[in-house]
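> take a look and give me a structure for this.
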Amino acid sequence: MNKKAILTSALAGCLVFSTVPTTFAHDMLDDSLAEKGANEGDNLNAIPVLEGNKNLGNWQEVASAQLKEYDGVKNSPADVYAHKGYAYLGTHVSGGGNGGVRVFDMKDPSNPVEIAKFADDISGTWQEKVIVKTVNTPHFKGDLAVVSVQQLDRDHPDSQGGFLLYDVTKPEAPEKLGFWEVDKRVPGTHELYLTVKEGKPFVLAANPYADYFTHGESMDFQLVDVSNPAEPKTIYEFDPRSLPEVSDDFNGYHWDAPDGKTRPVFNHSTMTDNNGDTALLSFWDLGTIILDISDPYNVKFEGRTEYASDVQGSAHSSALAKGGNVLIETREVYNPTRVGYEESYGYTRIFDISDKSNPKLLSTFKTDLVDNIEDGVTFANTVHDPKVHGNTLYLSHYAGGIRAVDITDPSNPVQIGKYVPENAYFWGVFVDRNYILGSDMGNGLKVLQKNNSAQ
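Predicted coordinates:
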């Protein structure tokens with residue numbers, strides 16, 4: 001496919017939300033863009049196994065599983081999650097959406113078997129993100145899955161955004177429990193997280209542009225009590241206007257920042273620490289918002305990350321390390337030539353948040369891709385999602401594959417491995433037990449495992 005056709009296809013995918021600010025356009029990527037990232041670049045796609053040192057030298061690809069086609073429709077994977085020996089893959093907009101969540105049995109990591117599909121019952125939507133946790137409440141006991149639901153076209157009469165709740169105690173036979181709906185004017189819940197406090201489950205929902213589209217009637221971040229999955233209840237919303245640096249005339253998207261620039265602000269993603277006491281909201285150019293949710297019914301603002309005047313914010317996702325004292329912030333900058341900003345694709349920032357009211361930048365981590373701006377605007381070069389396992393940070397990097405970074409010293413992150421198979425275009429990465437999972441938009445579920453026979 002030539003570049004003109006790729007651009008036309010990408011624009012067509014974005015037109016369904018023609019009034020949505022273009023900074024959200026990445027989430028309308030289709031297979032043609034995955035092909036673009038896979039076939040253009042610095043010969044990144046000839047590496048068959050993970051290259052690295054330290055604790056990564058013995059890892060290798062052991063499986064590559066495409067998603068099943070239903071009624072002749074090919075969907076591509078979005079994010080990936082694992083729970084109790086099963087992998088859960090959300091799906092992207094390709095194939096007309098409604099690809100649902102795919103469940104893979106991982107008993108044999110070298111032979112993942114797709115055993116179920118669920119959360120595909122709302123017309124005109126796509127299901128990017130899925131989180132699974134074990135919960136125990138008076139209303140439900142078992143493994144609970146929450147799935148983000150986004151509208152492909154808000155004019156579709158039967159579509160509705162929000163998140164679905166499913167019982168996946170038997171992963172081969174998921175059962176629908178409930179649906180939490182956002183205002184029909186809002187595209188939907190983009191990314192989300194499920195945390196459990198003393199057995200009680202709460203969903204943190206990022207609903208980008210909710211404030212913008214509803215004129216302040218609802219907010220981009222909502223905290224939802226799902227103790228009774230059949231009757232989810234919203235208990236808190238974060239309003240950016242509560243911050244002194246955000247004026248009352250904030251319109252739900254454009255922010256007249258103190259540096260004199262008009263910056264985009266919307267909630268893209270959410271995360272918590274292991275105890276569910278601290279919430280992280282990726283609020284694009286407002287930075288990563290840190291909330292105290294130790295009492296979910298009395299949420300308190302603690303702090304946020306900030307940017308130099310010449311740095312695009314684009315806080316996309318986050319992760320925690322060092323017992324919750326270190327914050328990893330990935331920034332999805334896909335236009336490296338915006339006037340007034342540094343020429344760079346998105347890279348990772350690492351903060352000390354032991355004092356959450358005053359996050360301190362310890363370091364930045366850049367791959368060999370982020371300063372390569374010669375080929376024009378492309379998603380291939382920006383970082384995407386982070387995951388932390390021990391002292392290793394894993395980053396999905398679109399056509400840049402999966403990068404492994406040693407953060408033993410957070411002030412001096414060092415790349416120790418990279419996995420870039422042929423035609424790579426990675427959306428997400430997840431570490432579970434003795435394997436690493438990657439969701440490759442063009443090639444399905446990738447599984448990396450340690451080669452115990454290697455010396």
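> any low-confidence regions in the protein?
Along the chain, the parts satisfying pLDDT under 70 run over 1-50, 52-55, 375-377, 452-455.
> cutoff 50 now
Counting by pLDDT under 50, the ranges of the chain that qualify are 1-19, 22-23, 25, 28-48, 453-455.
> quick check: longest strand of it.
Looking across the chain with DSSP state E, the single longest strand is strand 141-151.
> for residue 105, which non-adjacent residue is spatially closest?
Leaving aside its sequence neighbours, residue 105 sits nearest to residue 113 (C-beta to C-beta, 6 or more residues apart in numbering; 4.6 Å). All C-beta atoms are positioned from the backbone trio N, CA, C, and that covers glycine.
> now do the residue nearest to residue 391 when sequence neighbours are not counted: how many residues are near it, please.
Excluding the flanking residues, the one nearest residue 391 by C-beta to C-beta, 6+ apart is residue 408, at 4.4 Å. As a burial measure, residue 408 scores 13 neighbours (other C-beta atoms under 10 Å).
> list the buried ones in stretch 180-189?
Buried positions in stretch 180-189, judged by neighbour count with 16 or more other C-beta atoms under 10 Å: 180, 182, 185-189.
> hmm, back to that, other SSEs contacting the longest strand of the chain?
With contacts taken as 3 or more C-beta pairs under 8 Å, 6 or more residues apart in numbering; DSSP states H and E, strand 141-151 sits against strand 86-91, strand 125-126, strand 130-136, strand 162-167, strand 192-197, strand 200-206.
> tell me the gap between the second one and the middle of its chain.
It refers to strand 125-126. 16 Å (C-alpha atoms, centre = their mean, to the nearest Å).
> same check, this time on stretch 431-442
On C-alpha atoms, centre = their mean, the centre of stretch 431-442 falls 14 Å from the chain's centre.
> swap in stretch 251-261?
Per C-alpha atoms, centre = their mean, the centroid offset for stretch 251-261 relative to its chain is 24 Å.
> kindly export that stretch (C-alpha atoms) in CSV.
The C-alpha coordinates for stretch 251-261 follow below in CSV (Å, rounded to 0.1, in the frame of the first residue of the first chain):
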residue,chain,number,x,y,z
ASN,A,251,-13.5,24.0,27.9
GLY,A,252,-12.8,20.4,28.6
TYR,A,253,-10.0,20.1,26.2
HIS,A,254,-7.9,23.2,25.5
TRP,A,255,-5.9,24.4,28.4
ASP,A,256,-4.2,27.8,28.5
ALA,A,257,-1.2,26.6,30.4
PRO,A,258,1.0,28.8,32.6
ASP,A,259,3.8,28.6,30.0
GLY,A,260,1.6,30.6,27.6
LYS,A,261,0.8,27.7,25.3
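> contact partners of it?
Residues outside stretch 251-261 that contact it (C-beta atoms under 8 Å, 6 or more residues apart in numbering): 21, 209-216, 220, 240, 245-247, 250, 262-266, 285-286, 309, 340.
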